[in-house]
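Asker: have a look; sequence and predicted model below, questions after that.
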Amino acid sequence: MKQGLNLLQQFAGTFLKDVNLGVILMNTHFELIDISDMACRLLGLVKEEVVHRPLEEIFANMPAEHQLVHRNILDGMVVRNHAISWTNNQERYELLVDSNVLRDDHHQVVGAYIMFKDVTNLRSLEEQVQRSDRLAMIGQIAAGTAHEIRNPLTSIKGFLQVLRKTLEDKGMDRECGYTEVMLGEINRINQLVSEFLLLSKPKHVSYDSVDISQVVREILPIINNEAILHGVVVQYESALDLPQVVADKELLKQVFLNICKNGIEAMGVGGQLTLTERLDMDERKVNIDIHDTGPGIPMFVVDKIFDPFFTTKAEGTGLGLSVCQRIIHDIGGNIRVSSKGYGTTFTVSIPFPQPLH
């Protein structure tokens, strides 16, 4: 019996330390008795600082929607697979939460537990599949109709330019102005068709070993020029000796330029855009963080920004981020976004290949 008890205690200790679950144990006084390492990491807590403290104190500064632990759990409230979002250090997590009371041999409540699983990657994968399906469908439609749209547009544009010249020669300035408006609108349609074509698989993708730092340095002058126009400062924090990734260099430039341009346009004069390179050896990925000090993205919008045609800009098509997402997905990476209060961070993660021994 004693040996069995010791084994259970050993298991409990190892479970809390090694398991990939968030576990919180509390007594009937609503004090935290033990917490798993994963829960500490995800919730941003230090185990030694929170054990034996009232849970109300530990979560005192958190808003109501982040109150992961409620006192009514001790009244027998059972939770099964309750989905919540949690943000910590600008990282957003999707959690599935279970909770229940713990009873002794006499069926008296002696405490309660909360367990949660980080399902961010699963939720993200599900969303990626749905978006990819939508993008594939739009891409097929685009590829099939783009030329049929462009051919008549080219004819219309050509005749309008002839008409404009004739109106200019006759001094009909007002009518000439109308043709300028029409030509501008035709250019907008052409631009939209071009973005459509990007949604279908690019025909001439050239995958090669790419130095991400070099890619960023090559587009920095363009980003700086855009920033100057909006009164924004750009800061670049490079990392030494980043491993090379397998990607199309020009498409990577398109991704970084698009995200940087969005960030610059989101800020007013005096804003700062920061590009930071990071190496994640655990995930074997090179990360580029693009952070702006703008007003942030509301929570109800964050989930939609990669959807085709979703845009908050008056002149936007809502295709830019969809294209970026597809380009990065095609090389096995992902783009994450976090926005907390003010400011937004886009993290572009690209895997690097295992070195050959």
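Answerer: The structure has been received and is ready for your questions.

Asker: in contact with residue 216, which residues?
Answerer: 236, 238, 256, 275, 277, 288 (Cβ atoms under 8 Å, 6 or more residues apart in numbering). Backbone N, C-alpha and C define where each C-beta goes, glycine included.

Asker: which of those residues are buried?
Answerer: By neighbour count, with 16 or more other Cβ atoms under 10 Å, these hold 256, 275, 277, 288 as buried.

Asker: how close does the first one get to residue 302?
Answerer: I take that to be residue 256. Plainly put, residue 256 is 20 Å away from residue 302 if you go by Cβ to Cβ, to the nearest Å.

Asker: next one: the second one
Answerer: Relative to residue 302, residue 275 is positioned 21 Å away (Cβ to Cβ).

Asker: next one: residue 166
Answerer: Distance of residue 166 to residue 302, given as Cβ to Cβ: 52 Å.

Asker: same thing with residue 27?
Answerer: 37 Å.

Asker: so for stretch 259-279, mean pLDDT?
Answerer: Averaging the model's pLDDT scores along stretch 259-279 yields 90.

Asker: okay, it in PDB with CA atoms only?
Answerer: The C-alpha atoms that make up stretch 259-279 are tabulated as PDB, following Å, rounded to 0.1, in the frame of the first residue of the first chain:
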ATOM      1  CA  ILE A 259       3.000  43.800 -43.700                       C
ATOM      2  CA  CYS A 260       5.400  46.800 -43.200                       C
ATOM      3  CA  LYS A 261       3.300  49.000 -45.400                       C
ATOM      4  CA  ASN A 262       0.100  48.000 -43.400                       C
ATOM      5  CA  GLY A 263       1.900  48.800 -40.100                       C
ATOM      6  CA  ILE A 264       3.100  52.200 -41.400                       C
ATOM      7  CA  GLU A 265      -0.300  53.200 -42.700                       C
ATOM      8  CA  ALA A 266      -1.900  52.200 -39.400                       C
ATOM      9  CA  MET A 267       0.200  54.700 -37.400                       C
ATOM     10  CA  GLY A 268       0.100  58.400 -37.200                       C
ATOM     11  CA  VAL A 269       3.100  60.800 -37.300                       C
ATOM     12  CA  GLY A 270       5.600  59.900 -34.600                       C
ATOM     13  CA  GLY A 271       4.900  56.100 -34.800                       C
ATOM     14  CA  GLN A 272       7.700  53.500 -34.800                       C
ATOM     15  CA  LEU A 273       7.900  50.400 -36.900                       C
ATOM     16  CA  THR A 274      10.400  47.700 -35.600                       C
ATOM     17  CA  LEU A 275      11.700  44.700 -37.500                       C
ATOM     18  CA  THR A 276      13.300  42.100 -35.300                       C
ATOM     19  CA  GLU A 277      15.000  38.900 -36.400                       C
ATOM     20  CA  ARG A 278      14.900  35.900 -34.000                       C
ATOM     21  CA  LEU A 279      16.100  32.300 -34.200                       C
END
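
Asker: what's the spacing between that stretch and its chain's center?
Answerer: Its chain's C-alpha centre and that of stretch 259-279 lie 15 Å apart, by Cα atoms, centre = their mean, to the nearest Å.

Asker: buried residues in that stretch, which are they?
Answerer: Burial within stretch 259-279, assessed by neighbour count using 16+ other Cβ under 10 Å, is assigned to 259-267, 271-277.

Asker: which residues touch it?
Answerer: Around stretch 259-279, the neighbours that count as contacts under Cβ under 8 Å, 6+ apart are 212-213, 216, 219, 223, 226-227, 230-239, 242-243, 256, 286-295, 313, 320-321, 324, 335, 344, 346, 348.

Asker: so which of those are in strands?
Answerer: With strands taken from DSSP state E, the overlap with these comprises 233-237, 286-292, 335, 344, 346, 348.

Asker: list only those of those flagged as buried.
Answerer: Of all the ones in strands among the contacts of stretch 259-279 considered here, the ones buried according to neighbour count by 16+ other Cβ under 10 Å are 234, 286, 287, 288, 289, 290, 291, 292, 335, 344, 346, 348.

Asker: OK, contacts around the fourth one?
Answerer: The contact partners of residue 288, by Cβ under 8 Å, 6+ apart, come to 212, 216, 256, 275, 276, 277, 278, 347, 348, 350.

Asker: for the second one, same thing?
Answerer: Residues in contact with residue 286, defined by Cβ under 8 Å, 6+ apart, are 212, 242, 243, 245, 277, 278, 279, 280, 349, 350, 351, 352.

Asker: return the member of those nearest to residue 331.
Answerer: Nearest to residue 331 among the contacts of residue 286, counting by Cβ to Cβ, is residue 350 at 6.2 Å.

Asker: measure residue 189 to residue 157 for me?
Answerer: If you measure residue 189 against residue 157 using Cβ to Cβ, the figure is 10 Å.

Asker: pairing partners for the biggest strand by length in the chain, with directions?
Answerer: In the chain, with assignment by DSSP E, the single longest strand is strand 91-103. Based on DSSP bridges, the strands next to strand 91-103 in the sheet, each with its direction, are strand 79-88 (antiparallel), strand 109-118 (antiparallel).
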